[in-house]
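Participant: Let's see this in three dimensions:
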Amino acid sequence: MSASGRPPSPTPAPERHDIFRTLVETISDYAIFLLDTDGTVTSWNRGAQRINGYDASEIVGSHFSRFYPEDAIARGWPQKELQLARRHGRVEDNGWRVRKDGTRFWANVVITALRNEAGEVIGFAKITRDMTEKMQDAAKLQESEETFRLLVLNVKDYAIFMLDPHGHVVSWNAGAAQIKGYLGSEIVGRHFSAFYLPEDIAAGKPERLIQRAREQGSVQDEGWRVRKDGSLFWASVTLTAIYDEHRQLRGFAKVTRDMSERKRLEEVEASARRMKEFLATLAHELRNPLAPMYSATSIMERAPEDVQLVRANLGIVSRQLRHLTRLVDDLLDVGRIAAGKLEMRRSVIPVREVISAAIEGSMPASRPRRSASRRNWTTRTSMFSAISPVLHKCCRTC
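Facilitator: Here you go, the predicted structure:
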């Protein structure tokens, strides 16, 4: 709106044309120029000069094939582009182009056919953009991705593979083939529950792991897994959800390591601890009968003429020897059980004899030094106090 309140007058057409021409000529990020119907350059802008290296005076009047490598010229690609633009209205191409100094650059090219009111082609508009830097970045990214892909494919210590959102295997590496025994052609497309024990599948463990990874982003697990041949191995597993830039779930990355050797070493260490505990218990049990035997032999040495006393103490020695024999037999039975050569059978044990033997074995250690203590052993309470711990111990070891 002008100061007088009237709308501004429209810009005359020639002036608008001059503005547009000035705009095109001053653009430096794109080479924008015109070709006649034969492909001869008829205009040139600042961007074309910067990208291609020619001044307008050097290139206007030359054929645009001058920007193409020799192999493209030899196969007639410049003329082919004009034919395609004439037929379809426009053509877009990416490829190498040549600057004035002979260096090459990667170009994105759009050629548009220009038609008059009668629909006849009167020339072409050609827009070129230097995409060398982006092409190099894309090539580096592709090279990096290819290097990473080869790295993953050739790692043998870890099974690294992808699952789709439903848990089906979509990729397979050398480590997966070595650890699990499947070739890629045998396992790709199958559900990853094929690696789990039947009881884990029945309990829904694979589905639970996927759900946890979906909710938490990543989940770790250790347990038995199944190889192709049916053998088991102890696995350490990491399952990670993979999302795209729109937070859409693309699948899961699964990394599995065979930890069977570590598991075996842990079991060996646990077995060694159990063996130490067993030997300590065995030493204690073997030492117990020695005290009454030593006491009985001492009594017999002091009173060898007392036949009744000698006979009673010989009975103690005999019973304790039988107890030692049973302990040794039990030790041998343990070895037979471990080797699977011993059959276990239930039998009735006379508790009275067990109690009597326990009392007899504990008497030397608790023999009184004073007569008052000797009288206390005759009471029901004192006897129970002596027998009760033995019974408790028998119950725990039975």
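
Participant: Output stretch 115-129 as CSV - backbone C-alpha positions only.
Facilitator: Output in CSV follows, covering the C-alpha atoms of stretch 115-129 (Å, rounded to 0.1, in the frame of the first residue of the first chain):
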residue,chain,number,x,y,z
ARG,A,115,9.3,-25.5,-24.7
ASN,A,116,7.5,-22.6,-26.4
GLU,A,117,3.8,-22.0,-26.5
ALA,A,118,3.5,-24.5,-29.4
GLY,A,119,5.2,-27.2,-27.3
GLU,A,120,8.4,-27.2,-29.4
VAL,A,121,11.7,-27.7,-27.6
ILE,A,122,13.7,-24.4,-27.8
GLY,A,123,16.6,-25.4,-25.5
PHE,A,124,17.5,-26.9,-22.2
ALA,A,125,18.1,-25.6,-18.7
LYS,A,126,21.0,-27.4,-16.9
ILE,A,127,21.5,-27.2,-13.2
THR,A,128,24.7,-28.8,-11.7
ARG,A,129,25.7,-29.2,-8.1
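
Participant: for it, which positions count as buried?
Facilitator: 123-129 (16 or more other CB atoms under 10 Å). Just so you know, the C-beta spots here come from the backbone N, C-alpha and C atoms, and that holds for glycine as well.

Participant: Can you lay out the residues you listed as TSV showing pLDDT?
Facilitator: Listed next are these as TSV, based on pLDDT from 0 to 100:
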residue	pLDDT
G123	96
F124	96
A125	95
K126	96
I127	95
T128	95
R129	94
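
Participant: Dump those into JSON lines; add secondary structure and distance to Q248 as well.
Facilitator: JSON lines is the format used below for the buried residues of stretch 115-129 (DSSP: H, G, I helix; E, B strand; the rest coil; distance: CB to CB, whole Å):
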{"residue": "G123", "secondary structure": "strand", "distance to Q248": "46"}
{"residue": "F124", "secondary structure": "strand", "distance to Q248": "42"}
{"residue": "A125", "secondary structure": "strand", "distance to Q248": "40"}
{"residue": "K126", "secondary structure": "strand", "distance to Q248": "39"}
{"residue": "I127", "secondary structure": "strand", "distance to Q248": "35"}
{"residue": "T128", "secondary structure": "strand", "distance to Q248": "36"}
{"residue": "R129", "secondary structure": "strand", "distance to Q248": "31"}
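
Participant: where along the stretch 201-350 of the chain do the helices fall?
Facilitator: 205-216, 260-287, 290-302, 307-338 (DSSP state H, counting those that start in this stretch).

Participant: mean pLDDT for those: which is lowest?
Facilitator: Looking at these, the lowest mean pLDDT belongs to helix 260-287 (a mean of 78).

Participant: Which neighbouring elements make contact with it?
Facilitator: strand 232-243, helix 307-338 (3 or more CB pairs under 8 Å, 6 or more residues apart in numbering; DSSP states H and E).

Participant: Highest mean neighbour count out of these?
Facilitator: strand 232-243 (a mean of 17; mean count of other CB atoms under 10 Å).

Participant: What residues are bridge-paired with G251?
Facilitator: I242 (DSSP bridges).

Participant: quick one: contacts for it?
Facilitator: Taking CB atoms under 8 Å, 6 or more residues apart in numbering, we find G251 in contact with 162-165, 170, 242.

Participant: just the buried members of these?
Facilitator: So, by 16+ other CB under 10 Å, the buried ones in the contacts of G251 are 162-163.

Participant: Can you list phi and psi of I27 for me?
Facilitator: Phi and psi for I27, reported as degrees, to the nearest 10, are phi -70, psi 130.

Participant: wait, it sits on R46?
Facilitator: Yes - I27 is within contact range of R46, at 6.7 Å (criterion: CB atoms under 8 Å).

Participant: Three-state assignment for W96, please.
Facilitator: strand (DSSP: H, G, I helix; E, B strand; the rest coil).
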